[in-house]
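Quick one, fold the following:
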Amino acid sequence: MADSTKPKNRHITLKVFSGILIVFLFLIGIFFAIDYSHYARDKSPYRTLFIPRMELSLIDILTLTADKTDLTANVMIHNPLPFNLRADSLEYIVFIRGVEVIRSTYAKSLNIKRWDTTVIHLPVTAYNDKLLTVLTEADKEGLDSVEYEIKTNFGVQVFGHHDLHLDIKSLQPLIFIPTLKVTAIEYDHLKPEGVDLYISTLITNKNKIRLKAKDIHFRIAVADDPYLEGSYPGVLDILDSGATTPLTLPLHLSFKQIGKSIGPLIRHGKHTPYKFNATFRLVSELNAMRNSEVIVADKGEIHDIVKLVKDENKKTKEKLKAEGISPKEEKEIKKDKKKEKKADGDQLHFGKRKDNNQ
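Residues are numbered from 1 along each chain as shown. Predicted coordinates:
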């Protein structure tokens, strides 16, 4: 009797195993069918059937300064699987044209929903000693865009712990930081309430697109005195392709502030040091630079400005002499140019403002 029951038990065990296998294969078939259905509806040329993928949707430039550039890389993670993926953190490395600019960790936990896209915002700080070298080389080669690459690594729980290594590459526009140079400091007539100071500057924009600057605020300090602050009303059009845009910034000084500024000038004369910086926000057709904050700075000695003016005046006189223009005609030309400053500095000077309408 015992021997006759063994084949029956084996037969029942085989049936149970076969049934389980059929159910398992059926579930896998359903899984493949549903997953492929979502795959077929995905119109992206980079779609994947089982492996999550990443895309760089946009680079947002937050702040541009002489030392560093703060930006946000908006990354989309697509999950083609029928279950959620969860990661405690994400490690990432950012390369711009093959040069590593940052290695960091995204500390927030990620919950990547099934058959869906999750957007994360990776903070990136690129120090300009590396960045400017890369951009300058690309500009010399006549390129208008550079390749950004982001390499990521994060662990997920899928039938145990697994590390995912996802990389993305994307061409992004070549972007340069606008620069500013103080070219003259002028003052108006003394008034009972003080004096109006005018700081002439030149803004250089090496980008291939025109920009606009709004919310312009600036400050200047002479020697070790406190900063004097001012603002520029309206919106400034900034020329492109390396052209310079003149900008004259008005600043009102009270008699108390005048006294503080005269002291260093008396002690140091033309060698009096000055520091200047300005902040403004960009208005741009380029999404990456839209509403970006720019911080520009300049420093030197009052002597630098005086020397610049003298050199420019000397060049102007030599040019007029070479053209055979008499001193009388030269006076007439200067008179005609008083109402409008030229970007090359023909009317720049340090001292009393020559024309209140400039």
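
for this structure, which spans come out with low pLDDT?
Counting by pLDDT under 70, the ranges of the chain that qualify are 1-12, 16-17, 23-50, 158-160, 189-190, 255, 258-270, 303-316, 320, 326-358.

Helices of that one, residue ranges please.
Ranges of helices in the chain, per DSSP state H, are 2-41, 128-140, 255-268, 302-322, 327-337.

Might you report the residue contacts of Cys298?
Residue 298: Asp, not Cys. Neighbouring residues of Asp298 by Cβ atoms under 8 Å, 6 or more residues apart in numbering: Leu180, Lys181, Val182, Thr201, Lys275, Phe276, Asn277. Glycine gets a C-beta too; all of them are placed from N, C-alpha and C.

possible to save the residues you listed as CSV with neighbour count?
Converted to CSV, the contacts of Asp298 look like this (neighbours: other Cβ atoms under 10 Å):
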residue, neighbour count
Leu180, 23
Lys181, 16
Val182, 22
Thr201, 20
Lys275, 17
Phe276, 21
Asn277, 18
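
now those residues as TSV including distance to Met76?
TSV is the format used below for the contacts of Asp298 (distance: Cβ to Cβ, whole Å):
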residue	distance to Met76
Leu180	36
Lys181	41
Val182	44
Thr201	41
Lys275	43
Phe276	41
Asn277	37
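
How much space separates the residue lying closest to Leu62 once chain neighbours are set aside from Ile59?
Spatial nearest neighbour of Leu62, chain neighbours left out: Asp70 (4.5 Å); criterion: Cβ to Cβ, 6 or more residues apart in numbering. According to Cβ to Cβ, to the nearest Å, Asp70 and Ile59 sit 11 Å apart.

same question, Leu166
On the measure of Cβ to Cβ, Leu166 and Ile59 end up 18 Å apart.

Likewise for Pro233?
With Cβ to Cβ as the criterion, Pro233 and Ile59 are 31 Å apart.

Check Lys212 too.
Lys212 sits 20 Å away from Ile59, going by Cβ to Cβ.

again with Gly234
29 Å.

of these two, who's got more company?
Ile59 (18 against 7; other Cβ atoms under 10 Å).

Contact partners for the residue nearest to Ile238 when sequence neighbours are not counted?
Among residues not flanking Ile238 along the chain, Leu211 sits closest, at 4.4 Å (Cβ to Cβ, 6+ apart). Neighbouring residues of Leu211 by Cβ under 8 Å, 6+ apart: Pro178, Asn205, Ile238, Asp240, Leu282, Val283, Ser284, Met289.

same thing but at 6 Å, please
By Cβ atoms under 6 Å, 6 or more residues apart in numbering, the residues touching Leu211 are Asn205, Ile238, Leu282, Ser284.

How about Leu164?
By Cβ under 6 Å, 6+ apart, the neighbours of Leu164 are Phe154, Val156.

Residue ranges of each domain in this structure, please.
When the chain is parsed with automatic domain parsing, its domains come out as 53-173, 179-352.

what about the shortest one, start to end distance?
End-to-end distance for domain 53-173: 23 Å, by Cα to Cα, to the nearest Å.

you'd agree Glu186 is up against Tyr198?
Yes - between Glu186 and Tyr198 there is a contact under Cβ atoms under 6 Å: 4.4 Å.

Out of the two, name the residue with the larger neighbour count.
Taking other Cβ under 10 Å, Glu186 and Tyr198 do not tie; Glu186 has more neighbours (19 against 16).

Much appreciated, bye for now.
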